[in-house]
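S.K.: Show me how the following folds:
(4 chains)
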Number of protein chains: 2
Amino acid sequence: MVDTPSPREPSPKDPSAKEPKEPKEPKESSPEEPTLEEQIAAYQREFKDLDPQVEQVVSALGRLHRRMNVAYGRQTATLGISNAEWEVLKGLVLSGAPYRLGPGELAKSLCLTPAAMTHRIDRMVTEGLVTRERDETNRVRVIIELTDAGREKWLEAMRLATVFEEELLQDLSDEERGALGEMLTRLLRRVEES
Amino acid sequence: MVDTPSPREPSPKDPSAKEPKEPKEPKESSPEEPTLEEQIAAYQREFKDLDPQVEQVVSALGRLHRRMNVAYGRQTATLGISNAEWEVLKGLVLSGAPYRLGPGELAKSLCLTPAAMTHRIDRMVTEGLVTRERDETNRVRVIIELTDAGREKWLEAMRLATVFEEELLQDLSDEERGALGEMLTRLLRRVEES
DNA sequence: GCCTTAGTCTTTAGCTTCGAAGTTTAGGGT
DNA sequence: ACCCTAAACTTCGAAGCTAAAGACTAAGGC
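M.R.: Numbers count the residues shown, from 1 in each chain, chains lettered A, B, ... in the order given. So this is what the prediction gives:
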């Protein structure tokens, strides 16, 4: 998860409230959210035999993933769907035409339990993104099929996502992008083998 | 976390059950969980103007994070704590001696709501990992303090985690590790700026 | 032909989280 | 002195997920 916990928004707080006469000193050193460097320094302070190189990779990776999910969430929200629903659309589209899958297969590809799929599909059917029907040749199976509206939503979300991802990687050269992807893939293979 | 959704275990299924006479053909092509390469190929098939390099970075990153969380979860489970509790211990230790923080500060450093912290702390107090007491000089504040047992748990978890992380990165040379960490940090900075 | 076994989806109960309202305390203005 | 606002935590209600149990269907042995 997997992960798709909807991240917390700081609750923007009506800015029309009266402006405080004095901005009120930031309290002295707000320990709100330590930066990455501070966090790694703290780790070294508290745990002597720690490889800072390894820690930097692991910590940056975790933070990056969290921030990206927040960004994706903001984008899908503008389309009127949740991050969770976007994941379902992804699963269906990636299965290829004619975009039909059973709830169980969808659940596997999203690393969810079948029970969770049942409820997600309930919502998405009422929103017109997918249809649910029983397979008449094998009445045990249920078939979820992407609607045209669902496919269109997926396309819009993809367009937003690719723009964001391109911005994210704008500081990396082509060689760097290739090297980064290759190294991440190597790590993934290592962890999937065990 | 976003983060820390407890991942689903495939439910090991009692192995003492009778062995099927024939292992029963894998059904022909189990589309269970597409591999990374298959997934990227599917994306290109369904969305023509997609940069495969970018997609590889993004997809590998997401998968890697999920697998790592599963691995961490297995480790903390052997210590008798959950991934969520481990995060709280991390937050306290990283704040430095004397390992005291308010629930609100803890919540911020973990990207959770204060409400969630209240419940997590309830559990951890009964398990003896932390103590909760009111600050006598400012009776609004509550102070969560790490116990010796809690600190010991954190140390054990750190030892397991560092072993795992070292294994994860074993295929990367020192230069590669440095480059990887630096690139991830650059991406993080980019996304944190906006 | 019946019955067991396995497979697929849904339902139920419990847990964790979030958002919002509620409670208690501190500090400042009148 | 009183009250008002802000801050910090807790409580409440709703939503989502998981694991386990339930219902229904297909397939195969006796």
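
S.K.: hey, let's count contacts and neighbours off CA atoms from now on
M.R.: Fine.

S.K.: sec struct for the residue of chain A at minimum distance from DNA strand C, please.
M.R.: In chain A, the residue found nearest to DNA strand C is residue A:104; the distance is 3.3 Å by CA to the nearest atom of the strand. Per DSSP: H, G, I helix; E, B strand; the rest coil, the secondary structure class of residue A:104 is helix.

S.K.: Would you mind measuring from residue A:104 to residue A:140?
M.R.: 12 Å (CA to CA, to the nearest Å).

S.K.: Quick check on those two: which one has the bigger neighbour count.
M.R.: It is residue A:104, of residue A:104 and residue A:140, that has more neighbours when counted by other CA atoms under 10 Å in any protein chain shown, with 19 against 8.

S.K.: In space, what's closest to that one - neighbours in sequence excluded?
M.R.: Excluding its sequence neighbours, the residue lying closest to residue A:104 (CA to CA, 6 or more residues apart in numbering or on different chains) is residue A:114, at 5.6 Å.

S.K.: Quick one: residues contacting the one you found.
M.R.: With contact set as CA atoms under 8 Å, 6 or more residues apart in numbering or on different chains, residue A:114 has these partners: A:103-104, A:107.

S.K.: What mean pLDDT does the helix or strand harbouring residue A:184 get?
M.R.: Assigned by DSSP states H and E, residue A:184 belongs to helix A:174-193. Helix A:174-193 carries an average pLDDT of 94.

S.K.: That helix and chain B, are they touching?
M.R.: Yes. Part of helix A:174-193 sits near chain B under the criterion CA under 8 Å from any CA of the partner chain, namely A:177-178, A:180-181, A:183-188, A:190-192.

S.K.: Please point out which parts of that helix sit buried.
M.R.: Neighbour-count burial for helix A:174-193 flags A:177-188, A:190-191 (criterion: 16 or more other CA atoms under 10 Å in any protein chain shown).

S.K.: likewise stretch A:75-94?
M.R.: Neighbour counts over stretch A:75-94 (16+ other CA under 10 Å) mark A:75-76, A:81-94 as buried.

S.K.: That one and DNA strand D, are they touching?
M.R.: Yes. With CA under 7 Å from any atom of the strand as the measure, stretch A:75-94 is seen reaching DNA strand D through residue A:84.

S.K.: All the strands of chain A, residue numbers only.
M.R.: Using DSSP state E, the strands found in chain A span residues A:100-101, A:130-134, A:142-146.

S.K.: tilt between the lengthiest helix in chain A and helix B:174-193?
M.R.: Longest helix of chain A, by residue count under DSSP state H: helix A:52-78. With axes from the mean of the first three to the mean of the last three CA atoms, to 10 degrees defining the directions, helix A:52-78 sits at 30 degrees from helix B:174-193.

S.K.: For helix A:52-78, what is the distance to the chain centroid?
M.R.: Distance of helix A:52-78 from the chain centroid (CA atoms, centre = their mean, to the nearest Å) equals 9 Å.

S.K.: any idea of the mean pLDDT in it?
M.R.: For helix A:52-78, mean pLDDT rounds to 94.

S.K.: Tell me the helices and strands packed up against that helix.
M.R.: helix A:36-46, helix A:83-94, helix A:148-168, helix B:52-78, helix B:148-168, helix B:174-193 (3 or more CA pairs under 8 Å, 6 or more residues apart in numbering or on different chains; DSSP states H and E).

S.K.: Just name whatever secondary elements the first one is in contact with.
M.R.: It refers to helix A:36-46. helix A:52-78, helix B:83-94.

S.K.: Say whether DNA strand C is contacted by the longest one.
M.R.: No. Helix A:52-78 stays out of contact with DNA strand C when judged by CA under 7 Å from any atom of the strand, the minimum separation being 11.1 Å.
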